[in-house]
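> give me the fold of what follows.
(chains A and B)
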Amino acid sequence: DAKTTQPPSMDCAEGRAANLPCNHSTISGNEYVYWYRQIHSQGPQYIIHGLKNNETNEMASLIITEDRKSSTLILPHATLRDTAVYYCIVRFNSGGSNYKLTFGKGTLLTVNP
Amino acid sequence: GAVVSQHPSWVICKSGTSVKIECRSLDFQATTMFWYRQFPKQSLMLMATSNEGSKATYEQGVEKDKFLINHASLTLSTLTVTSAHPEDSSFYICSARETGGGGGYTFGSGTRLTVV
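Residues are numbered from 1 along each chain as shown, chains lettered A, B, ... in the order given. Predicted structure coming up:
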């Protein structure tokens, strides 16, 4: 799986949009970009994933650059409960269930009042 | 949505004893489940891939005789930490993905193991 690079930490004001970047310059054509987050002492939570088109769900939006070498996770209106470590993971997605996820160090997002 | 239940949420055991952690997919079948370990202020490290009806696949450096994995049904995988030592104290997390599903992986809430 392609390696990802994320800033170790970011701050965001409550109510503002949080934009979390991720670089994945070695991504291959059949690899998806996944985002998870982990609130302290809990299991990771799936947020969103995409291949090349921008994606949006009830939690966030995922913007993938045209060359697919980087992406941005957007939390449109950050709340204090969004304080967590956010992981960007690139991996192959065939629909099979046996492809493991490898976690990097992620970005600690701190939402401030 | 898909739910993975992990039990217990925390456990304290004496050094030298064994501890079993259960991971259940509540509303879907999972032929494959994954076990991770996370030390304080570190990221998740994959320990092993649990396969229903067959042997688990362990990551390099993980002792298979110490961390016994059993995946006897399509909804249950167990991790047994044998002869636990204080250095095994960690946060253990399982995950699963519905077979044939195209979405994300679902994680359990984790088990905090403390060996005293």
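
> for A:Pro21, see how far away the most centrally placed residue in chain A is.
For chain A, the residue sitting closest to the mean C-alpha position, by CA atoms, centre = their mean, is A:Trp35 at 3.1 Å. For A:Trp35, the distance to A:Pro21 equals 11 Å [CB to CB, to the nearest Å]. Where C-beta positions appear, they are placed from N, C-alpha and C, glycine not excepted.

> same check, this time on B:Tyr36
Note on B:Tyr36: its distance to A:Pro21, by CB to CB, is 25 Å.

> among the two, which residue is more densely surrounded?
B:Tyr36 (25 against 15; other CB atoms under 10 Å in any protein chain shown).

> isn't the more buried one up against B:Met45?
Yes. B:Tyr36 is within contact range of B:Met45, at 6.2 Å (criterion: CB atoms under 8 Å).

> who does the strand or helix carrying B:Cys94 pair up with?
Following DSSP states H and E, one finds B:Cys94 within strand B:90-96. Using DSSP bridges, strand B:90-96 pairs in its sheet with strand B:32-38 (antiparallel), strand B:106-107 (antiparallel), strand B:111-115 (antiparallel).

> contacts for it, please.
The contact list for strand B:90-96, computed with CB atoms under 8 Å, 6 or more residues apart in numbering or on different chains, reads A:41, A:43-44, A:97, A:101, B:2, B:4, B:6, B:21, B:23, B:25, B:28, B:30, B:32-39, B:44, B:50, B:77, B:79, B:81, B:105-108, B:110-113.

> tell me the contacts of the residue positioned nearest the centre of chain B?
Central residue of chain B (CA atoms, centre = their mean): B:Trp35, 3.6 Å from the mean position. Each residue near B:Trp35 by CB under 8 Å, 6+ apart is listed here: B:23, B:46-50, B:67, B:69, B:77, B:79, B:92-94.

> ok, 6 Å please
B:Met47, B:Ala48, B:Leu79, B:Cys94 (CB atoms under 6 Å, 6 or more residues apart in numbering or on different chains).

> what's opposite it in the beta bridge?
Beta-bridge partners for B:Trp35, by DSSP bridges, are B:Ala48, B:Cys94.

> mind listing the strands for the chain?
Using chain A here. A:9-13, A:18-23, A:31-38, A:45-50, A:55-56, A:61-64, A:70-75, A:84-92, A:107-112 (DSSP state E).

> the intended chain is chain B.
Along chain B, the stretches classed as strands by DSSP E are B:4-7, B:10-13, B:19-25, B:32-38, B:45-51, B:57-58, B:67-73, B:76-81, B:90-96, B:106-107, B:111-115.

> and the ones you listed: which comes nearest A:Ser28?
In terms of CB to CB, the element of the strands of chain B nearest to A:Ser28 is strand B:45-51, at 20.5 Å.

> so what touches that closest one?
For strand B:45-51, contacts defined as CB under 6 Å, 6+ apart pick out A:100, B:32-37, B:56-59, B:62, B:69, B:71, B:77.

> which of those residues sits closest to A:Asp11?
Closest approach between these and A:Asp11, by CB to CB: B:Tyr36, at 27.5 Å.

> contacting residues for the closest one?
With contact taken as CB under 6 Å, 6+ apart, B:Tyr36 is in contact with B:Leu44, B:Leu46, B:Ile93.

> thank you kindly, that will do.
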